[in-house]
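Undergrad: Build me a model:
(one chain, ligands or ions: 1)
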Amino acid sequence: MSYVLFGDKGSGAFCVEASLAEAGALVAFHEISLEKDEQRSEEFRALNPSGKIPALKLPSGEIVTETAALLFLIAERHPEANLLPPPGSPERGQALRWIAFMASEIYPMIEIADYPERFATDHKAAAALKLSAKQRIRGRMLLVEAAAKGESWFLPGGFSAVDIYAVMFSRWRECRENGWREAHIPKICAMAVALSERPALKPVWEKYFPLG
Ligand SMILES: N[C@@H](CCC(=O)N[C@@H](CS)C(=O)NCC(=O)O)C(=O)O
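TA: Next up is the predicted model:
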């Protein structure tokens, strides 16, 4: 029995599929098109009432959502993949800290940047909100960049799910536009290159980020 991942190529499904690939787990992909707003359909909301992707169906049939929870869960279910430093190790706290930071401080800003009309009453206010959400995302990515203490990875001890998560946010429009990413978050850019070259992860990288 494999996992079933509900997502879209332009979505946070990347971090889930990349983690499962590192774990060598079987995954069936069920596309939920953001362009067609399928995440808001009644059928999908029966799986995730918040109308957001990704959602993961475990081999047991249980549905789990929320990317941070999924990263922690995959690491726990597949300890041999070393997606997180082991419990009790000095780096464990930093890994949990920065995944939680990105989930709570950056991911919600993506909704404001992508769908500002949900939060503003008129077109002009929506455009201003979109811009300030982008600035917030960038400001918070700078904090992640500054917290990266490893040689090639976020943690000094090596590759972890923190790299997968940080790189994912860095590939999206808010960081990509106008060369901002290369100019301001070089360590995360280097992690992206290293990530894209990991044998297990390479096909996932090419699926979600075909242009690099
Ligand atoms: N808290 C959720 C956020 C997920 C999220 O915002 N997903 C985006 C795609 S990357 C989405 O489904 N957006 C569609 C919408 O808001 O309607 C998580 O961490 O999984």
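Undergrad: Break the protein down into its structural domains.
TA: With automatic domain parsing as the criterion, the domains of the chain are listed as 3-81, 92-198.
Undergrad: taking the mean pLDDT, what do you get for the host helix or strand of residue 193?
TA: Using DSSP states H and E, the secondary-structure element containing residue 193 is helix 186-196. Within the predicted structure, the mean pLDDT of helix 186-196 is 97.
Undergrad: Then stretch 75-85?
TA: Computed over stretch 75-85, the mean pLDDT rounds to 98.
Undergrad: From one end of it to the other, what's the distance?
TA: Distance across stretch 75-85, first residue to last, is 9 Å (Cα to Cα, to the nearest Å).
Undergrad: about what we covered before: right, and the helix or strand after the helix holding residue 193?
TA: Assignment by DSSP H and E places the next element after helix 186-196 at helix 202-208.
Undergrad: longest helix anywhere in this structure?
TA: Using DSSP state H to define each element, the chain has its longest helix at helix 123-147.
Undergrad: what's the spacing between it and its chain's center?
TA: With Cα atoms, centre = their mean, to the nearest Å as the basis, helix 123-147 stands 17 Å off its chain's centre.
Undergrad: What of stretch 57-70?
TA: 15 Å.
Undergrad: same question, stretch 195-206
TA: On Cα atoms, centre = their mean, the centre of stretch 195-206 falls 15 Å from that of its chain.
Undergrad: any idea how far residue 148 lies from the ligand?
TA: Going from residue 148 to the ligand by Cβ to the nearest ligand atom, to the nearest Å gives 21 Å. C-beta here means a position set from N, CA and C on the backbone, and glycine is covered the same way.
Undergrad: Next, the contact list for that residue, please.
TA: When the contact criterion is Cβ atoms under 8 Å, 6 or more residues apart in numbering, the partners of residue 148 are 154, 166, 187, 188, 191.
Undergrad: Pick out the most distant pair among those residues.
TA: Farthest-apart pair in those is 166 and 187; separation 9.1 Å (Cβ to Cβ).
Undergrad: neighbour-wise, which of the two wins?
TA: residue 166 (29 against 19; other Cβ atoms under 10 Å).
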